[in-house]
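In: heads up, no residue letters with this:
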């Protein structure tokens, strides 16, 4: 969701972003992040972010999830109010002029220069590769013991296509070196003051040693540290 909104502030539309991961050629999700949050309730997502930041543990970047927070403040909570990332007519999502105007306002507020050349491949990478990097951090911290547990959560609980095997299995199919290089590239191109693009040590280690992240488990941590 962080990259979803960063892409919107950079000039991509919610529909284009959703399409980048709904495409069967890339991931094949039943719905992208914008349709999903509109269905679940923008207010639910926004309140989570607002309370996280209030508690002092959330990001200090003022533009973090700014779209979601602004939608919440003006009462556009998704399907249940008829407006969110999309406008809804008889339950069907349509491009929202209100959302477009909101994004323009936020771009001016945060002095952001939009692009008109964001390719679908970049949208896909920024959504998926940031998730894979975060999953590696979760494994390092011991929040999850096995990489396969993360894949099960995503395929059984969050609608990730089972035939893809989960985001970490998919990461191995793409190639960890490809993903690490892309993350380093985004850090250089987009800036990394908030550390969003800092590659997890585990992910970089596995890429350098030609290992599979989907097969990693907590008992491997000693081996990683010794190397």
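Out: Sure thing, it's come through. Here the structure is a predicted model, which is why all the values come from computation and not from measurement.
In: quick one, phi/psi of the closest residue to residue 10 other than its chain neighbours?
Out: Nearest non-adjacent residue to residue 10, counting by CB to CB, 6 or more residues apart in numbering: residue 115, 5.5 Å away. The way it works is simple: take the backbone N, C-alpha and C, and place the C-beta from them, glycine included. Reported as degrees, to the nearest 10, the phi and psi values for residue 115 are phi -110, psi 150.
In: output the lowest mean pLDDT helix or strand found in this protein.
Out: When each helix and strand of the chain is scored by mean pLDDT, DSSP states H and E, helix 221-226 comes last, with a mean of 54.
In: tally up the residues packed near residue 197, please.
Out: Residues lying near residue 197 (other CB atoms under 10 Å) number 20.
In: that one reaches residue 182, doesn't it?
Out: No - contact between residue 197 and residue 182 fails when scored by CB atoms under 8 Å: they sit 9.4 Å apart.
In: spell out which helix or strand contains residue 36, please.
Out: helix 33-40 (DSSP states H and E).
In: just how off-centre is that helix within its chain?
Out: Offset of helix 33-40 from its chain centre (CA atoms, centre = their mean, to the nearest Å): 13 Å.
In: ok, which stretches of the protein are helices?
Out: Secondary structure of the chain by DSSP state H: the helices cover 2-10, 14-22, 33-40, 42-54, 66-73, 97-109, 120-140, 147-157, 167-174, 176-190, 201-208, 221-226.
In: quick one: those as CSV, columns for distance to residue 91 and mean neighbour count too.
Out: Below are the helices of the chain laid out as CSV (distance: least, CB to CB, whole Å; neighbours: other CB atoms under 10 Å):
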stretch, distance to residue 91, mean neighbour count
helix 2-10, 22, 22
helix 14-22, 16, 21
helix 33-40, 10, 21
helix 42-54, 16, 17
helix 66-73, 19, 21
helix 97-109, 17, 15
helix 120-140, 25, 20
helix 147-157, 24, 18
helix 167-174, 29, 20
helix 176-190, 36, 16
helix 201-208, 40, 20
helix 221-226, 47, 11
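In: weakest of those by average pLDDT?
Out: Mean pLDDT across the helices of the chain is lowest at helix 221-226; the value there is a mean of 54.
In: one step back: counting neighbours, what do you get for the residue nearest to residue 10?
Out: Counted by other CB under 10 Å, the residues lying close to residue 115 total 11.
In: I'd guessed it sits against residue 9; true?
Out: No - using CB under 8 Å, residue 115 is not in contact with residue 9, being 10.3 Å away.
In: contacts for stretch 118-131 next, please.
Out: Residues outside stretch 118-131 that contact it (CB atoms under 8 Å, 6 or more residues apart in numbering) are 2-4, 6-7, 10-12, 16-17, 19-21, 23, 26-27, 33, 167, 170, 179, 182-183, 186, 196-197.
In: if you set the cut-off to 6 Å instead, what comes out?
Out: Applying CB atoms under 6 Å, 6 or more residues apart in numbering, the contact partners of stretch 118-131 are 3, 7, 11, 12, 17, 20, 21, 26, 167, 179, 182, 183.
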